[in-house]
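Chemist: When you get a sec, could you give me coordinates for this:
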Amino acid sequence: MTKESNTREYVIILEECGSVEVHVEGELSNLKASSPVFLTIHDVGSSYKNWVSFTNHEDMKETKDKSVFLHISLPGQQPAADDLDCFPNMNTLAMNLVTVLDQLGVKD
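Modeler: The predicted structure is shown next:
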């Protein structure tokens, strides 16, 4: 678990995009077919920490207690990441995010 955000960090290689960091809030081991799973992607100029702050708000407690949140840090957007030669286009990123779900065992 990362100390500042109480998340578990995974690094997943997306075949056409490079690596992404996934910061997981909630227990993947307790995931059931009926469990809500939220896949978040940060906005320009922010990071997964903005989503963690949002989910830690008292109004989100009930939702957070019964859900799993997967906060994605896009390629080259992680803290201290190297510059990318070419950033993948949004369509390629979107299609490759299924790999995150597969690697973490999230089923439909």
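
Chemist: Give me the nearest residue to the residue nearest the centre of the chain, chain neighbours excluded.
Modeler: In the chain, the C-alpha nearest the mean C-alpha coordinate belongs to residue 71, at 2.3 Å (Cα atoms, centre = their mean). Of all residues not flanking residue 71 in the chain, residue 48 sits nearest, at 3.7 Å (Cβ to Cβ, 6 or more residues apart in numbering). Where you see a C-beta, it was placed from the backbone N, CA and C, and this is true even at glycine.

Chemist: Sort out which residues of the helix or strand of the chain with the lowest mean pLDDT are buried, please.
Modeler: Within the chain, no helix or strand scores below helix 90-96, which has a mean of 88 by mean pLDDT, DSSP states H and E. Neighbour-count burial for helix 90-96, with 16 or more other Cβ atoms under 10 Å as criterion, is recorded at 93, 96.

Chemist: do you know how far residue 18 is from residue 80?
Modeler: Note on residue 18: its distance to residue 80, by Cβ to Cβ, to the nearest Å, is 15 Å.

Chemist: can you give me the strands in this protein?
Modeler: All strands of the chain, identified by DSSP state E, fall at 8-14, 18-25, 37-41, 68-73.

Chemist: Good, wrapping up.
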